[in-house]
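K.L.:
need coordinates for the following:
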Amino acid sequence: MAIRTDFAEGAFAPSHRADVAEALASQSGARIDVNRRRGRAAALNMAGRFETLERARTDDGWDIPEELPPFKTEVQVEKPRTALTRNESPDIPFDRSINPYRGCEHGCIYCFARPTHSYMGLSAGLDFEAKLFAKPDIAKLLERELSKPGYKPRPIAIGTNTDPYQPIEKEWRIMRQVLEVLEAAHHPVTIVTKSALVTRDIDILSRMAKDGLAKVALSVTTLDRSLARAMEPRAATPAKRLEAIKELSEAGIPVGAMMAPIIPGLTDHEIERVLDSVKAAGAREANYVILRLPFEVSPLFRDWLLRNYPDRYRHVMSLVRSMRDGKDYDAEFGKRMKGAGPYAWQIHRRFQMACKRLGLDQQRLPLRDDLFVPPLGAGVQLSLL
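P.N.:
Residues are numbered from 1 along each chain as shown. A predicted model of the protein is given here:
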């Protein structure tokens, strides 16, 4: 049964809200009890899009209490064959990246990487936040790949899929191992994160920055702590992210800010305030991405919006669809990052004007790739010369 989501005026009277949310949940998978998902953004754990079966809880008539354990963070080891992920997307300014982890404990409800958990036979919902994969061998793989004859260095982007400084990094320290390999090879790197944990590695990053080999961007989506807690439950608070920008800047590390994503009707009114704040903290440049809702992210986000901001649901989704050709998402290159249409243009102009006023629109700082020295002794055949 299709569930209508473009509701008429008055549809959000209290008596209707629970019914609407429950109907949407039944379309996308059973909602998980609040006590089992406490501290998580997603309330659904529907089957991935590649699964042939989907399970849903139903009342079988037996009045037997069912005590299910809460969702706890579980980490499995993944052994990839390569460290570098290549892409040829024309609207992405990098051609290679590293993902030390799969899944993300930050649990940002809007995360466009959620659907990647479907490739593991897991849900893009709560599984993405709680069932994580660590790649402890990735630094060794990276060293081997950098050692290959003919390798040509270009900046490696880290944090473009899931956050390399999510909470489990405190224990696994995979990101630090990757940085140690890159520093030894004098290889350029760019990092995007929502975590203040990045300041742990200021020692490495500051040395690399002196040679023009590193820069960092903190993603600041909102200054509203309550909204951030609901939307990005296990990421650093907005204040901590601003402090991280300041610490990185004072250490001589080029630091920028990302407002990623901007959610129309929910966070777009903060554009100027966010940019003022990151500039005051020491950011040199800024960029943004419009909310993206591919595959399973759409029902997850819509369910979250109904639970947390039911009075804004209709307005937010109307604006989203106005920028996506009437759909929840449009993956067309050139449109997927910034959207299209009058409202997308208005956001772009506001962001552009604020950056110009603050001096955040200067030329992007290029990173050097002429200092690269291939690692030795990484299991690669050495030359006899």
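K.L.:
what's the biggest helix by length in the chain packed up against?
P.N.:
Using DSSP state H to define each element, the chain has its longest helix at helix 342-358. The criterion is 3 or more C-beta pairs under 8 Å, 6 or more residues apart in numbering; DSSP states H and E, and the helices and strands that helix 342-358 contacts are strand 255-262, helix 271-281, strand 285-290, helix 313-322. (Each C-beta comes from the backbone N, C-alpha and C, glycine too.)
K.L.:
who's in contact with the closest residue to S89 other than its chain neighbours?
P.N.:
Spatial nearest neighbour of S89, chain neighbours left out: F333 (6.7 Å); criterion: C-beta to C-beta, 6 or more residues apart in numbering. By C-beta atoms under 8 Å, 6 or more residues apart in numbering, the contact set of F333 is S89, P90, D91.
K.L.:
that older thread, for the helices and strands packed on helix 342-358, give me JSON lines that also has mean neighbour count, mean pLDDT and distance to I174.
P.N.:
Below are these laid out as JSON lines (neighbours: other C-beta atoms under 10 Å; pLDDT from 0 to 100; distance: least, C-beta to C-beta, whole Å):
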{"stretch": "strand 255-262", "mean neighbour count": "23", "mean pLDDT": "97", "distance to I174": "22"}
{"stretch": "helix 271-281", "mean neighbour count": "19", "mean pLDDT": "98", "distance to I174": "27"}
{"stretch": "strand 285-290", "mean neighbour count": "21", "mean pLDDT": "97", "distance to I174": "25"}
{"stretch": "helix 313-322", "mean neighbour count": "19", "mean pLDDT": "97", "distance to I174": "35"}
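K.L.:
want to throw the ones you listed into JSON lines with distance to L126?
P.N.:
Formatted as JSON lines, the helices and strands packed on helix 342-358 follow (distance: least, C-beta to C-beta, whole Å):
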{"stretch": "strand 255-262", "distance to L126": "21"}
{"stretch": "helix 271-281", "distance to L126": "29"}
{"stretch": "strand 285-290", "distance to L126": "24"}
{"stretch": "helix 313-322", "distance to L126": "21"}
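K.L.:
nearest to I64 among those would be which one?
P.N.:
helix 313-322 (35.5 Å; C-beta to C-beta).
K.L.:
separation between A331 and L213?
P.N.:
33 Å (C-beta to C-beta, to the nearest Å).
K.L.:
comparing these two, which residue is more hemmed in?
P.N.:
Counting neighbours by other C-beta atoms under 10 Å for A331 and for L213 shows that L213 has the greater number, 23 against 11.
K.L.:
surely that one meets A185?
P.N.:
No: judged on C-beta atoms under 8 Å, L213 makes no contact with A185 at a distance of 9.6 Å.
K.L.:
rewinding a little: doesn't the residue nearest to S89 lie inside a strand?
P.N.:
No: counting by DSSP: H, G, I helix; E, B strand; the rest coil, F333 is not part of a strand but coil.
K.L.:
all strands of the stretch 101-250 of the chain, in order?
P.N.:
Assigned strands in the stretch 101-250 of the chain, in chain order: 101-102, 131-134, 156-158, 189-193, 214-219 (criterion: DSSP state E, counting those that start in this stretch).
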